[in-house]
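> Give me a model of this one.
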Amino acid sequence: MKIDLHCHSTASDGSLSPNQLIDLAVKHEVTHLAITDHDTTAGYMQALDYAKNNQVELISGVEASCDWQGHTIHIVGLDFDVTNSALQQGLQHIRNLRLERAALICERLQNKARVNIDNLEEKLNDKVGEGVVGRNHIAQILVEHDLVKNTQQAFDRYLKKGRPGYVAASWPSLQQIVEWIVQAGGIAVIAHPGIYKFTSSKLNRMITDFKAAGGQAIEVVNQPRHSAEINGMADRAKRFELWASVGSDFHRPEHTWRGLGWLAPLPQTVTPVWAHFKQSA
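Numbering: from 1, shown residues only. Got it, this is the predicted structure:
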């Protein structure tokens with residue numbers, strides 16, 4: 001059994017279609033997969049039949065954006081009822097917030113940053129297609145128009161806090177996101193906890209609030225080689241009595257440091273989140 005419970009398709013900001021993700025899962029011998037697109041379950045729904053036909057166990061998934069004390073936190077939802085109306089209405093609300101934010105970013109880039117790209121918002125809509133808009137899509141357009149060398153430079157020069165194209169997000173609270181996932185019968189997971197660059201005590205405070213809201217799990221493994229960070233997250237999973245998840249956060253093949261299913265083993269000291277799935281894993 002090979003498991004990856006965090007990846008993205010063209011339904012949000014990944015470069016592979018949901019079916020192409022299934023093909024890649026088969027190639028890399030991933031047997032259990034969760035497509036966790038940003039604020040949408042469309043990728044999961046599109047791939048469901050194709051995954052079944054290719055003997056890949058597809059777990060319902062989503063990665064939802066939320067606010068905790070002024071910080072954007074990502075919560076992965078797993079093994080929930082995708083037809084739950086409260087969850088789907090909540091995700092639609094977040095997608096609407098994303099559209100409003102993207103329009104403001106485009107306006108600031110053109111007026112404040114003097115970015116000279118004709119029909120920027122129209123180009124953004126074309127790039128996003130039926131997916132969920134994110135700042136990464138805007139960064140890609142800046143790269144394509146030779147205004148920056150890569151997407152990281154786009155964020156550093158234009159899109160991150162303090163830069164001319166930055167627009168603060170207005171996500172739902174951490175408590176609200178966890179509530180939507182749990183009442184849909186799912187498991188709420190703190191995604192890539194090391195990426196927030198919190199001090200140890202601040203991370204512990206966030207985990208405490210997450211657990212108090214009803215959160216059940218934390219991503220312990222999201223890298224291919226064992227590390228001190230994995231040990232630290234495994235220790236937190238035990239201390240806070242959380243289940244442990246694994247996920248590559250795969251977005252695109254050109255990110256050669258992050259392959260689908262390319263994950264270090266889960267420490268044996270923790271309880272795997274998949275042991276609590278309603279469907280087999």
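> okay, CA-based contacts and neighbour counts for the rest of this
Noted.
> how about stretch 138-148: buried residues?
Using 16 or more other Cα atoms under 10 Å as the test for burial, stretch 138-148 gives I138, A139, Q140, I141, L142, V143, L147, V148.
> How about A213: what's its closest non-neighbour residue?
Q175 (5.2 Å; Cα to Cα, 6 or more residues apart in numbering).
> number of nearby residues for A168?
Other residues lying near A168 total 13 when counted by other Cα atoms under 10 Å.
> what helix or strand is it on?
For A168, there is no helix or strand it lies in under DSSP states H and E.
> Torsion angles phi and psi at it?
phi -60, psi 140 (degrees, to the nearest 10).
> could you pull out the strands for this protein?
With DSSP state E as the criterion, the chain has strands at 3-4, 32-34, 57-59, 61-68, 71-78, 187-190, 217-221, 243-246.
> so which of these gets nearest H255?
Closest to H255 of the strands of the chain is strand 3-4 (Cα to Cα; 16.3 Å).
> and for that closest one, what are the contacting residues?
Contact partners of strand 3-4, identified using Cα atoms under 8 Å, 6 or more residues apart in numbering, comprise V30, T31, H32, L33, A34, V246, G247, S248, L260, G261, L263.
> what sits against the nearest residue to S15 once chain neighbours are set aside?
Closest residue to S15 apart from its sequence neighbours, by Cα to Cα, 6+ apart: R252 at 5.2 Å. R252 makes contacts with G14, S15, L16, as judged by Cα under 8 Å, 6+ apart.
> Against G215, how distant is the residue nearest to A213?
Distance of Q175 to G215, computed by Cα to Cα, to the nearest Å: 9 Å.
> who's more crowded, those two?
G215 (27 against 18).
> Mind listing residues that contact stretch 106-126?
Identification of contacts with stretch 106-126 by Cα under 8 Å, 6+ apart yields A103, H137, I138, I141, H145, Y158, P164, G165, Y166.
> And stretch 188-201, by the same measure?
With contact meaning Cα under 8 Å, 6+ apart, stretch 188-201 is reached by 63, 73-78, 178, 181-182, 203, 214-220, 222, 229, 233, 245.
> Could you report the distance from I207 to A188?
From I207 across to A188, the span is 12 Å (Cα to Cα).
> neighbour-wise, which of these two wins?
Using other Cα under 10 Å, the more surrounded residue of I207 and A188 is A188, with 31 against 21.
> For that one, list each beta-bridge partner.
Under the criterion DSSP bridges, A188 forms beta bridges with G77.
> Tell me, what's the model's pLDDT at it?
A188 is assigned 98 on the pLDDT scale.
> Relative to L78, how far out is it?
Counting by Cα to Cα, the separation of A188 from L78 is 7 Å.
> picking that back up, next, format the buried residues of stretch 138-148 as CSV and append distance to T269 and pLDDT.
Shown next, in CSV, are the buried residues of stretch 138-148 (distance: Cα to Cα, whole Å; pLDDT from 0 to 100):
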residue, distance to T269, pLDDT
I138, 42, 95
A139, 40, 94
Q140, 41, 92
I141, 44, 95
L142, 45, 96
V143, 44, 94
L147, 48, 94
V148, 45, 95
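> mind listing which of the residues you listed are in helices?
Among the buried residues of stretch 138-148, the residues falling in helices (DSSP state H) are I138, A139, Q140, I141, L142, V143.
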